[in-house]
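1. Requesting a structural model of the entry that follows:
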Amino acid sequence: MTLQQADPALADTIRSTVPGPDDLAKTVLSSSGSVSASRRTSLIASLAGVTGPLPDRYQEGKLLGKGGMGVVVQAEDRDLARPVAVKKLHAGERNPDHVDRFLREAQLTAQLEHPGILPVHDLGVDQGGDFFYVMRLVQKEETLRSVIDRLQAGDEATHRELTFERRIEIVQQVARILQYAHSRGVIHRDVKPENIMLGAFGEVYLVDWGLAKATGVSKDPVAQPVAPGDGSQTQAGTLLGTPRYMAPEQAQGKPATALSDVYSLTAVLYELLSLHHYMGEDRGSLEDLLRKVLNDPPVFAAAHYDPKNGRVPPHLAVICMRGLEKNPERRFQSAQELERALQHWIEGEGAVMCAVTFQLSLLNRYKRALVRHPRVFQFVPILLSLALLTGLGFALFRAFGAH
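-> Just a heads-up that it's a prediction; the model follows:
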């Protein structure tokens with residue numbers, strides 16, 4: 001089946017997103033094996049004008065997730081005998097804008113080669129003429145949203161496993177993914193707990209690059225205009241992103257930058273640590289939420305307290321405040337800078353802001369010194385004890401010795 005046969009109205013739009021037919025044909029013919037025998041090149045062959053149905057390589061399985069434009073299902077790759085995840089465009093979403101966005105998402109994701117970004121294995125058209133692309137299947141995955149939900153519900157096992165240090169490590173891994181994408185000129189624009197996946201063996205992935213913007217590309221993804229809602233769903237059209245996590249400049253309809261992703265990730269950090277949204281519990285309309293994002297200062301993260309979760313350490317609360325600055329110039333100036341600030345806290349090098357943080361800083365410095373120079377510092381507690389006892393004895397002598 002050719003693309004023209006599937007839907008003639010889409011041909012020009014789809015071909016504009018890939019190299020010309022001559023270049024495609026050369027690429028296909030220069031690869032090993034013939035075009036007709038290669039299932040992996042069936043879509044490219046179709047775009048290049050070579051006819052032929054797409055072979056039945058993938059056996060569809062259970063539904064893994066559902067979005068506004070498509071679904072993700074588990075499938076069996078019969079050629080390689082392995083499970084994969086397949087993202088499919090809804091049959092009713094064949095208008096050129098949606099297809100263009102879907103194909104650019106597959107293309108952009110495939111070009112971002114990072115351990116925290118799911119690799120794209122294949123791109124194709126099914127027997128009904130609907131597009132799909134194939135990704136790595138993350139075994140026993142869950143989203144960060146489900147983790148936060150369990151923490152908010154007071155699940156004891158989750159609280160024991162996800163200490164503040166472990167939560168920081170998760171956010172650090174996402175920051176590294178963003179730093180890589182930004183270095184390639186790509187802005188995600190929809191960083192939120194639902195788009196952060198955790199694997200069974202400590203893997204962290206940032207997924208759903210459907211709203212991502214490559215620097216220098218003028219055309220934006222297009223979807224439905226903004227509709228009333230609770231702010232937790234991805235919006236496109238007038239706004240690009242998810243209102244509960246978008247930066248103020250995005251809420252104003254201005255172009256998003258790398259610092260917009262930093263803001264969104266900090267909003268995720270705040271919620272993961274405090275188990276509250278940074279603007280408090282909002283029950284109002286979408287318009288009320290956007291007004292708060294633009295005008296209201298965040299609630300200080302350390303103000304929240306929960307018997308099981310405790311209180312966010314003050315230094316981490318300060319990091320959240322900086323990452324959530326309304327003015328981009330006052331935020332962390334890169335995802336890497338945010339990641340390093342979190343690392344300083346883990347290593348006990350955070351700023352001293354009160355008596356507690358002063359004591360913690362001293363203890364951490366002593367611990368590092370003891371590890372590096374054990375012979376020198378192993379007698380420090382004994383010497384301090386002796387000094388304390390000597391001082392106490394001298395004080396007692398002065399108080400009672402004269403009598």
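
2. what about the strands in the stretch 201-350 of the chain?
-> Using DSSP state E, counting those that start in this stretch, the strands of the stretch 201-350 of the chain run over 204-206, 213-214, 305-306, 310-311.

3. among the ones you listed, where is the model least confident on average?
-> When those are ranked by mean pLDDT, strand 213-214 comes last with a mean of 87.

4. What strands flank that one, and is each parallel or antiparallel?
-> strand 186-187 (antiparallel) (DSSP bridges).

5. Please name every helix or strand in contact with whichever helix or strand comes after the partner strand.
-> For strand 186-187, the following helix or strand on the C-terminal side (DSSP states H and E) is strand 196-198. Applying 3 or more CB pairs under 8 Å, 6 or more residues apart in numbering; DSSP states H and E, one finds that strand 196-198 contacts strand 142-143, helix 144-152, helix 164-183, strand 204-206. C-beta coordinates here come from the backbone N, C-alpha and C atoms, glycine included.

6. Touching strand 196-198 from outside, list them.
-> The contact list for strand 196-198 (CB atoms under 8 Å, 6 or more residues apart in numbering) reads 138, 141-144, 147, 170, 174, 203-207, 268.

7. Go ahead and build a ChimeraX selection from the buried members of these.
-> This is the ChimeraX syntax for the buried subset of the contacts of strand 196-198, where burial follows 16 or more other CB atoms under 10 Å:
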select :138,141,143,144,147,170,174,204,205,206,207,268
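
8. I'd like to know which of the contacts of strand 196-198 is nearest to Ala399.
-> Ile170 (55.8 Å; CB to CB).

9. Just give the closest residue to that closest one, not the sequence neighbours.
-> Distances taken as CB to CB, 6 or more residues apart in numbering place Val204 nearest to Ile170, at 5.7 Å, with adjacent residues excluded.

10. who's in contact with the one you found?
-> Val204 sits next to Gly116, Ile170, Gln173, Val174, Ile177, Ile196, Met197, Leu198 when contact means CB under 8 Å, 6+ apart.

11. Please report the distance of it from Thr143.
-> From Val204 over to Thr143 the distance is 11 Å, taken as CB to CB, to the nearest Å.

12. can you check Ala181 too?
-> Ala181 is 19 Å from Thr143, by CB to CB.

13. of all the helices and strands packed on strand 196-198, which lies closest to Asp79?
-> Between Asp79 and the helices and strands packed on strand 196-198, the shortest gap by CB to CB is with strand 204-206, which sits at 24.1 Å.

14. So what are the sheet partners of the closest one and their directions?
-> According to DSSP bridges, strand 204-206 forms sheet pairs with strand 196-198 (antiparallel).

15. Distance to Phe300 for the contacts of strand 196-198 - can I get that in a markdown table?
-> Output for the contacts of strand 196-198, formatted as a markdown table (distance: CB to CB, whole Å):
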| residue | distance to Phe300 |
| --- | --- |
| Val138 | 35 |
| Glu141 | 33 |
| Glu142 | 29 |
| Thr143 | 27 |
| Leu144 | 22 |
| Val147 | 23 |
| Ile170 | 22 |
| Val174 | 23 |
| Glu203 | 32 |
| Val204 | 27 |
| Tyr205 | 31 |
| Leu206 | 27 |
| Val207 | 31 |
| Val268 | 17 |
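
16. Out of the contacts of strand 196-198, the closest to Ile187 would be?
-> Distances from Ile187 to those, taken by CB to CB, are shortest for Leu206, at 12.1 Å.

17. The nearest residue to the closest one once chain neighbours are set aside and Leu388, how far apart?
-> Spatially, and ignoring its direct neighbours in sequence, Leu206 is nearest to Ile177 (4.6 Å; CB to CB, 6+ apart). Distance from Ile177 to Leu388, counting by CB to CB: 50 Å.

18. same check, this time on Gly116
-> Distance from Gly116 to Leu388, counting by CB to CB: 50 Å.

19. ok, how many other residues are close to His159?
-> 15 (other CB atoms under 10 Å).

20. tell me which element it falls in.
-> His159 belongs to helix 156-161 when assigned by DSSP H and E.

21. What residues sit buried inside that helix?
-> Neighbour counts over helix 156-161 (16+ other CB under 10 Å) mark Thr158 as buried.

22. Could you do stretch 287-299 as well?
-> In stretch 287-299, counting by 16+ other CB under 10 Å, buried: Leu289, Leu290, Lys292, Val293, Pro298, Val299.

23. can you pull the pLDDT of the third one?
-> When you say that, I think you mean Lys292. On pLDDT, Lys292 comes in at 88.

24. Phi and psi next, for the residue nearest to it when sequence neighbours are not counted.
-> If you skip the residues right next to it in sequence, Lys292 has Met279 as its closest partner in space, 4.8 Å away by CB to CB, 6+ apart. Dihedral pair for Met279: phi -100, psi 10, per degrees, to the nearest 10.

25. Kindly report the same for Val125.
-> Main-chain dihedrals, Val125, degrees, to the nearest 10: phi -120, psi 130.

26. Can you name the residues bridging to it?
-> With DSSP bridges as the criterion, Val125 is bridged to Phe131.

27. hang on, it packs against Phe131?
-> Yes: counting by CB atoms under 8 Å, Val125 touches Phe131, with 5.7 Å between them.

28. and the closest residue to Arg145 other than its chain neighbours, how far is that from Leu151?
-> Spatial nearest neighbour of Arg145, excluding adjacent residues (CB to CB, 6+ apart): Pro193 at 4.0 Å. According to CB to CB, Pro193 and Leu151 sit 11 Å apart.

29. With Ala302 instead?
-> With CB to CB as the criterion, Ala302 and Leu151 are 17 Å apart.

30. Now for the contacts of Val204: which two are most distant?
-> Farthest pair in the contacts of Val204 (CB to CB) is Ile177 and Leu198. Separation: 13.0 Å.

31. Can you pull the residues that touch both of these two?
-> Taking CB under 8 Å, 6+ apart as the contact rule, Ile177 and Leu198 both touch Val204, Tyr205.

32. So for the two, which residue has more residues nearby?
-> Neighbour totals were compared for Ile177 and Leu198, and Ile177 leads with 24 against 19 (other CB under 10 Å).

33. Just the pLDDT for that one.
-> 97.

34. before we move on, what about Phe400?
-> pLDDT recorded at Phe400 is 72.

35. Could you find the closest non-adjacent residue to Gln336?
-> With CB to CB, 6+ apart, the residue lying closest to Gln336 is Gln179, at 4.6 Å.
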